[in-house]
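3D, please:
(chains A and B)
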Protein chains: 2
Amino acid sequence: MHRRTLPLSQVYRLLEPGPVVLLSTARAGRPNVMTMSWHTMMEFEPPLVGCVVSNRNYSFDLLRSTRECALNVPSADLADKVVACGNASGRDIDKFAAFGVTAITASHIAAPLVGECFASLECKVVDTRLVRAYNFFILEVVKAWIDPARKDAPTLHHRGMGRFMVGGKTITLPSRMK
Amino acid sequence: MHRRTLPLSQVYRLLEPGPVVLLSTARAGRPNVMTMSWHTMMEFEPPLVGCVVSNRNYSFDLLRSTRECALNVPSADLADKVVACGNASGRDIDKFAAFGVTAITASHIAAPLVGECFASLECKVVDTRLVRAYNFFILEVVKAWIDPARKDAPTLHHRGMGRFMVGGKTITLPSRMK
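Numbering: from 1, shown residues only, chains lettered A, B, ... in the order given. Below you'll find the predicted structure:
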């Protein structure tokens, strides 16, 4: 897959629409990946992202201890892998191996990127004040990648209980909002 | 419009897909409404929602002082009103009057609901720890409303600079994620 750098000032355009993302971590050379929908932009540049990672998830300990992760944006055609990663725990299996997900070396973090995703954001944890109360981590995106050939790929949006909305057409309106 | 109560346990299904929402507030009987995309679920039940409301926005002072708001979910056919509310400030005009938006009396809060939206969440601010650092408010949804005839209406998803993704079809997958 061809990747190019995405300017950090444009990261919000990926996450604002609310796509399901794959959060990838690693500790002691062993990678893990989980499915996540509870995230929001918090600042444009440097891009800050808030997200909830439940302390019942294996990724919670990895994220808290390594303070690094990648947020990878899957297109809708990866739905089967997205669901598989959400249905299993890294405590039990290596999800990369089990589900045919490709771990790509990142540039600024030890956690891998997910090769099949059309965009990946390398992140460092910058604020843990609300981790104890809400499992809420604040991440700074330090490097962003996108596949320019697939930048408008339809995304997946979780509606709960097995239902996912697939992103539809894009319209342009006379908005002055950034 | 016909409204019925939406169980609080199902609120996450509205907000997880990442729709643009209209945040409505009121102070001294004067309502305001702004367009917002920086929000995330933080807990299932009672539903907690985290959101960024910039301190440059008129709504910031209203939300901080009254500690109440509604999050209203517009369908894509309201795009013109959504953009109009995002392009103007409540400091200058009454957006409800200017843009033909209907203020509906809420049941648990003084802020109005937006009558044209197919779902509305009455919210109270429950945590302001990250307001100073990030303009980040944590809301508890205390009452939720939905129009059952339009519960699957396509939503709007902000992609920046005038571009909005319109929600597409819903697919069902063998996911065990809540």
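
Quick check, the residue in chain A closest to chain B?
residue A:18 (1.1 Å; CB to the nearest CB). Bear in mind the C-beta positions are built from the backbone N, C-alpha and C, glycine included.

all strands of chain A, in order?
A:4-5, A:21-27, A:30-36, A:39-43, A:48-52, A:68-73, A:103-104, A:113-114, A:119-127, A:136-146, A:156-160, A:163-172 (DSSP state E).

Dump the ones you listed into CSV; add mean neighbour count as well.
Output for the strands of chain A, formatted as CSV (neighbours: other CB atoms under 10 Å in any protein chain shown):
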stretch, mean neighbour count
strand A:4-5, 10
strand A:21-27, 25
strand A:30-36, 23
strand A:39-43, 23
strand A:48-52, 25
strand A:68-73, 26
strand A:103-104, 18
strand A:113-114, 26
strand A:119-127, 22
strand A:136-146, 22
strand A:156-160, 23
strand A:163-172, 18
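
Quick one: closest of these to residue B:51.
For residue B:51, the closest of those is strand A:39-43, at 7.1 Å, according to CB to CB.

quick one: the residue nearest the centre of chain A and residue A:50, what's the gap?
Closest to where the C-alpha atoms of chain A average out (CA atoms, centre = their mean) is residue A:71, at 2.3 Å. Residue A:71 sits 12 Å away from residue A:50, going by CB to CB, to the nearest Å.

Between these two, which contacts overlap?
Counting by CB atoms under 8 Å, 6 or more residues apart in numbering or on different chains, the common neighbours of residue A:71 and residue A:50 are A:39, A:139.

Output the strands of chain A in JSON lines; the columns should cover distance to chain B.
Output for these, formatted as JSON lines (distance: least, CB to the nearest CB, whole Å):
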{"stretch": "strand A:4-5", "distance to chain B": "18"}
{"stretch": "strand A:21-27", "distance to chain B": "11"}
{"stretch": "strand A:30-36", "distance to chain B": "7"}
{"stretch": "strand A:39-43", "distance to chain B": "4"}
{"stretch": "strand A:48-52", "distance to chain B": "5"}
{"stretch": "strand A:68-73", "distance to chain B": "12"}
{"stretch": "strand A:103-104", "distance to chain B": "22"}
{"stretch": "strand A:113-114", "distance to chain B": "18"}
{"stretch": "strand A:119-127", "distance to chain B": "8"}
{"stretch": "strand A:136-146", "distance to chain B": "6"}
{"stretch": "strand A:156-160", "distance to chain B": "4"}
{"stretch": "strand A:163-172", "distance to chain B": "3"}
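
Now mean pLDDT and distance to residue B:87 too, for the ones you listed, in a markdown table please.
Formatted as a markdown table, the strands of chain A follow (pLDDT from 0 to 100; distance: least, CB to CB, whole Å):
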| stretch | mean pLDDT | distance to residue B:87 |
| --- | --- | --- |
| strand A:4-5 | 96 | 31 |
| strand A:21-27 | 98 | 29 |
| strand A:30-36 | 97 | 32 |
| strand A:39-43 | 98 | 20 |
| strand A:48-52 | 98 | 25 |
| strand A:68-73 | 98 | 28 |
| strand A:103-104 | 96 | 40 |
| strand A:113-114 | 98 | 37 |
| strand A:119-127 | 98 | 28 |
| strand A:136-146 | 98 | 27 |
| strand A:156-160 | 98 | 25 |
| strand A:163-172 | 97 | 14 |
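
Alright, calling it a day.
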